[in-house]
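Engineer: would you be able to build a 3D model of this:
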Amino acid sequence: MKELLRTTDPTRIAFATLLLQGEGIAAFQMDVHMSVLEGSLGILPRRLMVRDADLFLARAVLADNGIGSEP
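Structural biologist: Predicted coordinates for the structure are as follows:
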């Protein structure tokens, strides 16, 4: 698994996941339950992971839709 996206914005993760699903790319969200440790402040970033073989296409899909790793 490779990290595709890291953000504190849950809507960006959700949108990216839907875009990838539309292209048939499986994505896995990591660090979703870290809010329990941080007190639900939303300061710890979540990561979106994809398979190594899907990384190139997944990056292209996100770039085409204006989603990058920057906030």
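Engineer: please name the residues that touch the spatially closest residue to R46 that is not a sequence neighbour.
Structural biologist: The shortest distance from R46 to any non-neighbouring residue, by C-beta to C-beta, 6 or more residues apart in numbering, is to D31 (4.9 Å). In short, each C-beta sits where N, CA and C put it, glycine included. Contact criterion C-beta atoms under 8 Å, 6 or more residues apart in numbering gives L44, P45, R46, R47 as the residues in contact with D31.
Engineer: mind checking which of these are buried?
Structural biologist: Neighbour-count burial (16 or more other C-beta atoms under 10 Å) is assigned, among the contacts of D31, to R46, R47.
Engineer: quick one, phi/psi of the residue nearest to R46?
Structural biologist: In this entry, D31 is assigned phi and psi values of phi 70, psi 20 (degrees, to the nearest 10).
Engineer: so after the lowest-mean-pLDDT helix or strand in the chain, what's the next helix or strand?
Structural biologist: Among the helical and strand segments of the chain, the one scoring lowest on mean pLDDT, DSSP states H and E is helix 35-38, with a mean of 60. Past helix 35-38, further along toward the C-terminus, the next helix or strand under DSSP states H and E is strand 46-50.
Engineer: quick check: closest non-adjacent residue to the residue nearest the centre of the chain.
Structural biologist: In the chain, the residue lying closest to the centroid (C-alpha atoms, centre = their mean) is L48, at 2.9 Å. For L48, the nearest residue in space outside its immediate sequence neighbours is L5; the separation is 4.1 Å by C-beta to C-beta, 6+ apart.
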